[in-house]
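# please work out how this folds:
(chains A, B, C and D, ligands or ions: 2)
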There are 2 protein chains.
Amino acid sequence: MKLLTRNTDYAIRAVCYIAGNKKELISAKELVGALKIPRPFLRKILQRLNKSGIVRSYKGLGGGFKLALPVNKIFLTDIIEAFQGPFVLNECSFRKALCPNKKICPLKKRIDKIEGYVTAQLKSITISELLKG
Amino acid sequence: MKLLTRNTDYAIRAVCYIAGNKKELISAKELVGALKIPRPFLRKILQRLNKSGIVRSYKGLGGGFKLALPVNKIFLTDIIEAFQGPFVLNECSFRKALCPNKKICPLKKRIDKIEGYVTAQLKSITISELLKG
DNA sequence: ATTGAATGATACCATTTTAGTATCATTTTG
DNA sequence: CAAAATGATACTAAAATGGTATCATTCAAT
Ligand code: FES
Ligand code: FES
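Ligands and ions are numbered 1, 2, ... in the order given. Coordinates of the predicted model:
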């Protein structure tokens, strides 16, 4: 089971690279060179990071990307959710088949609890922490 | 992100059905009728449950399946792992790219911790508990 | 022994998700 | 205007998941 898809993985790397650089703007070109990610793929990823409000893009000559927020305000979940959708572990496929009453279902209850813990943990990880490593 | 795939889901239902039945052996035929799962698919699932040592199969006329263990000894992780492979959240795709030293990587450390919690929780859920719901 | 009811093994196909590419339009600076 | 950048979008490829089909094997009843 994968917590992070390749998209997410690359996105984190890109964000970390941008964050750890003193230049005001980083172009896709530079990121491709640094991260060895196929250019069109990385471009798509950057576009999505932009749409999700994690980075901000600037067009035209000398353009590129910079973080939209300070490093300690960008959470791992932000990036995961941008690429993998909202973090939900279990939408419960059993329903009536197994559980007449979803409200008191012991399985659902416990999975919800696990999910709560995981999301809380992921929400507490910021880019700033990753840079320290 | 899905914690349980359809395979796993069906497998859990099948195991619960078998567990909640007083008959000694339950045939695939009966399970198909009860669970409304396509027969060849369910058969494959039962075969895997058998190979994984969760149920035990008996061939021939009057044959079928029964649990290989008491209900309080079958853990949710057993079934998940039988169908989805070992439970690992993150094999770390970053390595050198991001982390010169994997041992002290803050991301890896935290994901490992999350994983530990999740597996511990899942290991504590047995079929016996699901039947109570 | 033969038959029929069951599972075992295995190969195959379909669908969905993820990964990646290609192309053209738009914006901005010089 | 031209060049350098991103935006939008449609397409293709690969992998994982979901599902089917077929034949072999075992076992009990007769
Ligand atoms: S198994 Fe999902 S509500 Fe019970
Ligand atoms: S990001 Fe994986 S070891 Fe650091």
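
# distance check, the spatially most central residue of chain A against A:T8.
Among the residues of chain A, the one closest to the centroid is A:I79, at 1.4 Å (C-alpha atoms, centre = their mean). Computed as C-beta to C-beta, to the nearest Å, the A:I79 to A:T8 distance reads 6 Å. Just so you know, the C-beta spots here come from the backbone N, C-alpha and C atoms, and that holds for glycine as well.

# hey, where'd the strands end up in chain A?
A:55-58, A:64-67 (DSSP state E).

# name the residues that touch stretch A:115-122?
A:75-77, A:80, A:87-90, B:110, B:113-114, B:117-118, B:121 (C-beta atoms under 8 Å, 6 or more residues apart in numbering or on different chains).

# taking these, please make a PyMOL selection of just the buried ones.
In PyMOL syntax, the buried subset of the contacts of stretch A:115-122 is picked out as below (16 or more other C-beta atoms under 10 Å in any protein chain shown):
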select buried, (chain A and resi 75+76+77+80+89+90) or (chain B and resi 110+114+118+121)
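
# quick one: contacts for A:Y10?
Contacts of A:Y10 (C-beta under 8 Å, 6+ apart): A:35, A:37, A:41-42, A:45.

# try A:I79
When the contact criterion is C-beta under 8 Å, 6+ apart, the partners of A:I79 are A:8, A:11-12, A:15, A:49, A:54.

# so what's it scoring on pLDDT?
Looking at A:I79, its pLDDT is 97.

# burial count for whichever residue of chain A sits closest to DNA strand C?
Nearest residue of chain A to DNA strand C, counting by C-beta to the nearest atom of the strand: A:G60, 2.4 Å away. Residues lying near A:G60 (other C-beta atoms under 10 Å in any protein chain shown) number 6.
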